[in-house]
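Colleague: Quick one: sequence and predicted model below, then my questions.
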Amino acid sequence: MPHIIECIPNFSDARRPEVVAAIRQAIAEVPGAHVLDLHSDMDHNRSVITFAGSPQAVEEAAFRAIAKAAELIDLEQHRGEHPRIGATDVVPFVPISGVSMQDCIDLAHRLGRRVGEDLNIPVYLYEEAATRPERKNLENLRRGQYEGLKADILTDPQRAPDFGPSRLGKAGATVIGARFPLIAYNVYLTTDDVSIAKKIAKAVRYSSGGLRYVKALGLLVDGRAQVSMNLTNYRETPVARAVEFIRREGGRYGVGVHHCELVGLIPEDALVDAAVWYLQLDQFEPEQILERRLRSALTEGEQGAVTGSGAGSVVPTQFLDALSDETPTPGGGSASAYAGATAAALVAMVARLTLGKKKYAAVEEQMQAAIAQADDLRQELTQAIDEDAAAFDHVLAAYRLPKNTPEEEHKRQTAIQAALLEAANVPLKVACKSVNVMALAEVVVSLGNLNAISDGATAAVQARAALTGAGYNVRINAASLKDQVHVSRLLSELNQLEKQAAAHEAAVHRALIERGGMLV
């Protein structure tokens, strides 16, 4: 699997094409960094450049882009509708393939330190890379914008940067972090009254009581009121739901949706979800998309030619081959995450086999919810396969650090303890998600299609195995930790999860007897 990270930096200039072109060129000149998209908004006076590549290439390209923007953009002269604190305002890293969220966090920290030290630009870490809870949200870091931060950073310790000087130059400050895929989506209204856009934005954004995973602002753009949104989890809050919410809120004020605008790129699944919602394709399966079926067929053909597997084989030979070779990763932790992902997939299958059948019309809402949750859990557990392998690789790397002097040995021990804690936290997360899968398995076994009840029970068993395997990995790493506070927390959380699992297991057992008449 190729190691690919996506980066989507936002730069505070759009009205000078030569400046944006120079920043883009700085990125494109780095071998292995591929520019995928460039979006400039004149009213926002802001450009978003999307690029991807290997972790090393992306890190270097991001640094060069920040340096070029600092050279060409003066925040003292900048004006635009969008909030900003820096020439390079925000630099998020997103794991795409072969890398974990922790890899992106580590990259954000390395880049932040380099920008602070080499470019003398204050750097704040946000989202998954944040060093404190209040800095996870970008809005908190942008409070007061460039002008407000310029004064606050000199006197307020709470606004001191993570890296770099506690003063702003013409390039301002830069926010760097790691996050999951985000959709930037603007909805233009049939009015020029920006107060309506601001009211709708307040209603739709989560921070003021609206939809979860939605951030929104009301702006006046090109003479038209706009609701500018960031959707931070399109699986939990789909694009269509957010747009329809805005459409209905607009109706209160006698305005409608004029048109919508996508900023940058969007995951294919988000568009598919919107199409399924608007077309009411309740029985739709992703493999009904011609291009996806074709890709699958071509991929299976290539794997069959290499591995000798039969035509149409769905056996995940690549992972199993990697699991069986002589390297320590992937290992038991990754296998546990894989078991949890298969359990989640089985839950979704049973729920989908229940939908659309008159006999089960009364439980359709529960099945829809189970599908959404199971699909998310499957994705998260699949990602944890690589995360667990990466965490153990970090442990091995820490043990290999030099120890020739007391200073080196101290640094080595610190790195070992940090790596061991991460190697315990990752399987604990797998254990937690596996218990969540068990809860969903209980739902589909108790309420779902009787013809698939054994599949639901199999999901419960698979998820229980994932919990058990992950638990072994938590305990083995916790045994080497010196900080007993961490050890106590890890074991306490694991014991609680095991109690919850036992209750779900018993409930599935009862449902098998009561509904299926099984001899268990």
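Modeller: Received, thanks.

Colleague: what packs against the strand or helix carrying residue 455?
Modeller: Element membership of residue 455, judged by DSSP states H and E, is helix 453-478. Under the contact criterion of 3 or more C-beta pairs under 8 Å, 6 or more residues apart in numbering; DSSP states H and E, helix 453-478 touches helix 332-354, helix 364-399, helix 406-447, helix 484-516. In this view, the C-beta of every residue, glycine as well, is placed from N, C-alpha and C.

Colleague: quick check: angle from that helix to helix 406-447?
Modeller: If you take axes from the mean of the first three to the mean of the last three C-alpha atoms, to 10 degrees, helix 453-478 sits at 160 degrees to helix 406-447.

Colleague: for the record, mean pLDDT for helix 453-478?
Modeller: What helix 453-478 shows for mean pLDDT is 94.

Colleague: For it, list every residue counted as buried.
Modeller: Judged by neighbour count (16 or more other C-beta atoms under 10 Å), helix 453-478 contains these buried residues: 453, 455-467, 469-471, 473-474, 477-478.

Colleague: who's residue 90 bridged to?
Modeller: residue 10, residue 175 (DSSP bridges).

Colleague: For the remainder of this discussion, apply numbering that starts at 387.
Modeller: Done: numbering now begins at 387, and the last item shifts to residue 476.

Colleague: and the gap between it and residue 729?
Modeller: Distance of residue 476 to residue 729, given as C-beta to C-beta, to the nearest Å: 37 Å.

Colleague: Between those two, which has more neighbouring residues?
Modeller: Set side by side, residue 476 and residue 729 show more neighbours around residue 729, with 31 against 22, by other C-beta atoms under 10 Å.

Colleague: host element of residue 457?
Modeller: Per DSSP H and E: helix 441-458 holds residue 457.

Colleague: Give the buried residues for that helix.
Modeller: Neighbour count says helix 441-458 has 441, 443-458 buried, by 16+ other C-beta under 10 Å.

Colleague: Now it - C-alpha only, CSV.
Modeller: Only the C-alpha atoms of helix 441-458 are listed here, as CSV (Å, rounded to 0.1, in the frame of the first residue of the first chain):
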residue,chain,number,x,y,z
PRO,A,441,5.1,12.0,3.8
GLN,A,442,8.6,13.3,3.2
ALA,A,443,7.6,15.0,-0.1
VAL,A,444,4.4,16.6,1.5
GLU,A,445,6.3,17.8,4.5
GLU,A,446,9.0,19.5,2.4
ALA,A,447,6.4,21.0,-0.1
ALA,A,448,4.4,22.4,2.8
PHE,A,449,7.5,24.1,4.3
ARG,A,450,8.5,25.6,0.9
ALA,A,451,4.9,26.9,0.4
ILE,A,452,4.8,28.5,3.8
ALA,A,453,8.2,30.2,3.2
LYS,A,454,7.1,31.5,-0.2
ALA,A,455,3.8,32.9,1.2
ALA,A,456,5.7,34.6,4.0
GLU,A,457,7.9,36.2,1.4
LEU,A,458,5.1,37.5,-0.8
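
Colleague: Can you name the next helix or strand after the lowest-mean-pLDDT helix or strand in the chain?
Modeller: Averaged element by element with mean pLDDT, DSSP states H and E, the chain has its least confident helix or strand at helix 676-693 (a mean of 62). Proceeding N to C from helix 676-693, the next assigned helix or strand is helix 703-710, under DSSP H and E.

Colleague: ok, and the closest non-adjacent residue to residue 672?
Modeller: residue 678 (5.9 Å; C-beta to C-beta, 6 or more residues apart in numbering).

Colleague: Contacts only, for residue 726.
Modeller: 763, 767, 770, 816, 819-820, 823, 848-849, 852-853, 856 (C-beta atoms under 8 Å, 6 or more residues apart in numbering).

Colleague: Just give the closest residue to it, not the sequence neighbours.
Modeller: With C-beta to C-beta, 6+ apart, the residue lying closest to residue 726 is residue 852, at 3.5 Å.

Colleague: Against residue 827, how distant is the one you found?
Modeller: 12 Å.

Colleague: Pull up the overlap in contacts between the two.
Modeller: What both residue 852 and residue 827 touch, as defined by C-beta under 8 Å, 6+ apart, is the set residue 729.

Colleague: and residue 836, how many neighbours does it have?
Modeller: Neighbours of residue 836 using other C-beta under 10 Å come to 14.

Colleague: Give me the distance between the residue nearest to residue 726 and residue 839.
Modeller: 20 Å.

Colleague: which residue packs closest to residue 776, ignoring adjacent ones?
Modeller: residue 486 (4.5 Å).

Colleague: number of nearby residues for the one you found?
Modeller: The number of residues near residue 486, taken as other C-beta under 10 Å, comes to 23.

Colleague: picking up where we left off before, reformat the helices and strands packed on helix 839-864 as CSV; add distance to residue 437 and mean pLDDT.
Modeller: Output for these, formatted as CSV (distance: least, C-beta to C-beta, whole Å; pLDDT from 0 to 100):
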stretch, distance to residue 437, mean pLDDT
helix 718-740, 29, 93
helix 750-785, 21, 89
helix 792-833, 28, 93
helix 870-902, 37, 92
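
Colleague: which SS state does the residue nearest the centre of the chain fall under?
Modeller: For the chain, the residue nearest the mean C-alpha position is residue 566 (2.0 Å; C-alpha atoms, centre = their mean). Under the three-state scheme (DSSP: H, G, I helix; E, B strand; the rest coil), residue 566 adopts coil.

Colleague: just checking, what packs against the helix holding residue 457?
Modeller: Using 3+ C-beta pairs under 8 Å, 6+ apart: helix 441-458 touches strand 390-393, helix 403-414, strand 419-427, strand 432-439, strand 474-483, helix 487-504.

Colleague: Show the average pLDDT along the fifth one.
Modeller: Within the predicted structure, the mean pLDDT of strand 474-483 is 93.

Colleague: list the buried ones in it?
Modeller: Per 16+ other C-beta under 10 Å, strand 474-483 contains these buried residues: 474-481.

Colleague: Dump that strand to CSV, restricted to CA.
Modeller: The C-alpha trace of strand 474-483 is given here as CSV (Å, rounded to 0.1, in the frame of the first residue of the first chain):
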residue,chain,number,x,y,z
THR,A,474,-0.3,30.7,5.3
ASP,A,475,-3.3,30.6,7.5
VAL,A,476,-3.9,26.9,8.1
VAL,A,477,-2.0,23.7,7.0
PRO,A,478,-3.9,20.5,7.7
PHE,A,479,-2.5,17.0,7.0
VAL,A,480,-4.9,14.1,6.2
PRO,A,481,-4.0,10.4,6.1
ILE,A,482,-5.0,8.8,2.8
SER,A,483,-3.3,5.4,2.6
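
Colleague: tilt between that strand and helix 487-504?
Modeller: 150 degrees.

Colleague: just how off-centre is strand 474-483 within its chain?
Modeller: 11 Å (C-alpha atoms, centre = their mean, to the nearest Å).

Colleague: now the angle between helix 441-458 and that strand, please.
Modeller: Using the same axes, to 10 degrees: strand 474-483 against helix 441-458 is 170 degrees.

Colleague: Which other helices and strands does strand 474-483 contact?
Modeller: strand 390-393, strand 396-397, helix 441-458, helix 487-504, strand 560-564.

Colleague: wait, which of the ones you listed is closest to residue 640?
Modeller: For the helices and strands packed on strand 474-483, the distance to residue 640 is smallest for strand 396-397, at 33.7 Å, taking C-beta to C-beta.
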